[in-house]
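Q: here is my input; please provide its structure:
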Amino acid sequence: MSGARPGIAIFLALLVAACAEERAHAPIGPRAAWLLEPSRIGVGQVTTLELAVTTPPDHAIEPYAPPPAPPGVALVGSEALPVEKEGARWLHRIRLRLRATTTGTFAWPSSTIGLQAADGSTTQLELPEHPIQVVSILPEYPDRVSPFGARAWELPRRPSAPVWVPALLGAATALSAVALVALARRRRRAAVGSPAEPGPSPGAPAWALAREGLEAVRSVSAGDPFAAAHGLSLTLRRFVDRRFGAATRGLSGEELRAGEPPFAARSRWPALLAILADLDELRFRPGSDTEARDALAARLAELISSAERFVEDAVPPDARLRADTAPEAGHLGTESPPAEAR
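A: From the prediction side, this is the model:
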């Protein structure tokens with residue numbers, strides 16, 4: 001009887017190994033999970049919320065329509081990554097770019113995503129909600145989550161130094177300010193009569209400033225596509241603010257699409273939103289992403305040309321007419337007399 005025990009042990013070990021191998025190769029059911037990196041973000045910062053869906057082989061997911069973002073978070077963009085095929089499972093990933101706007105604890109809403117099997121049948125997979133924590137970026141409140149209210153002024157402490165020390169510091173500050181003003185006036189007088197650098201002055205029309213900005217963007221586009229993309233977005237926003245009295249520099253692309261355009265720019269607003277959307281899709285990617293850098297460099301010339309057409313279309317007709325009919329300085333007074341006067 002004791003001699004049969006080693007045989008039983010060997011049989012049980014082989015049975016456990018066979019079950020483990022069968023379980024490793026068995027197909028798994030669809031599953032979904034969220035990943036937020038970093039898990040805590042500061043106000044104004046951009047983070048990545050990634051959705052990972054595992055399915056059996058030969059399954060596909062339908063295009064994901066993100067639900068409305070919670071109040072303290074703005075959706076900047078979304079991207080579907082290539083499918084990773086690993087043996088008995090396929091991994092589908094969707095990357096969302098979010099920007100925090102208000103401190104607090106929020107949750108990305110629960111939603112569903114469609115799955116398509118190899119036989120053409122479609123099922124819906126439930127996506128759970130995911131917590132998002134936005135904290136303050138102030139150094140004195142690094143972990144504050146609740147919004148700030150009215151901040152009370154602290155009462156001045158009792159001075160420990162003699163009274164004449166603040167008076168001396170105030171006098172030194174006033175004398176320094178007077179010296180700086182005198183130095184600035186002296187340099188201004190020395191600069192009188194010197195030729196000014198070419199380019200529009202600060203009081204020049206909005207389209208003149210925009211043309212100069214676009215030329216600067218084009219000059220750096222080959223060396224640094226990300227810096228050129230940021231400069232192109234800022235130039236367009238400044239032009240719209242100056243030309244049509246809008247306020248676009250502090251708003252995201254989603255906020256611009258949800259808001260009401262200025263009356264004077266209503267017909268041109270879709271073109272502006274299209275250019276800004278194409279820029280935001282590429283310029284917010286990591287600078288070390290070589291694929292994103294190449295894609296941005298390939299499209300940058302087209303986006304700059306679209307921005308130039310947008311600026312030129314917004315030039316008033318009278319300003320364009322004056323520019324077209326202005327006589328050249330070299331041709332003034334050089335017309336030939338009539339044939340009868342020769």
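Q: residue contacts, Arg309?
A: For Arg309, the set of contacting residues under the criterion of CB atoms under 8 Å, 6 or more residues apart in numbering is empty. Using the backbone N, CA and C atoms, a C-beta is placed for each residue, glycine as well.
Q: pull out the buried positions in stretch 64-75.
A: For stretch 64-75, the neighbour count (16 or more other CB atoms under 10 Å) marks Tyr64, Pro66, Ala69, Pro70, Gly72, Val73, Ala74, Leu75 as buried.
Q: correction: the previous question concerned stretch 315-323.
A: In terms of neighbour count (16+ other CB under 10 Å), stretch 315-323 has its buried residues at Val315.
Q: distance between that stretch and the chain's centre?
A: For stretch 315-323, the gap between its own C-alpha mean and the chain's C-alpha mean amounts to 34 Å (CA atoms, centre = their mean, to the nearest Å).
Q: what packs against the strand or helix carrying Glu79?
A: With elements taken from DSSP states H and E, the one containing Glu79 is strand 73-80. The criterion is 3 or more CB pairs under 8 Å, 6 or more residues apart in numbering; DSSP states H and E, and the helices and strands that strand 73-80 contacts are strand 89-100, helix 253-258, helix 269-283.
Q: okay, those in TSV with distance to Ser136, mean neighbour count and mean pLDDT next?
A: Listed next are those as TSV, based on distance: least, CB to CB, whole Å; neighbours: other CB atoms under 10 Å; pLDDT from 0 to 100:
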stretch	distance to Ser136	mean neighbour count	mean pLDDT
strand 89-100	10	19	86
helix 253-258	21	15	81
helix 269-283	25	18	83
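Q: okay if I get these as CSV plus distance to Glu129?
A: Formatted as CSV, the helices and strands packed on strand 73-80 follow (distance: least, CB to CB, whole Å):
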stretch, distance to Glu129
strand 89-100, 14
helix 253-258, 20
helix 269-283, 25
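Q: beta partners for the closest residue to Glu79 other than its chain neighbours?
A: The shortest distance from Glu79 to any residue other than its chain neighbours is 4.7 Å, reached at Arg95 (CB to CB, 6 or more residues apart in numbering). According to DSSP bridges, the residues that bridge with Arg95 are Glu50, Glu79.
Q: over to Arg89?
A: Bridge pairing for Arg89 (DSSP bridges) gives the partners Glu86.
Q: please enumerate the helices of the protein.
A: Assigned helices in the chain, in chain order: 5-25, 164-191, 206-220, 225-244, 253-258, 269-283, 290-313, 317-325 (criterion: DSSP state H).
Q: rewinding a little: check the offset of the strand holding Glu79 from the chain's centre.
A: When distances are taken as CA atoms, centre = their mean, strand 73-80 is centred 10 Å away from the chain's centroid.
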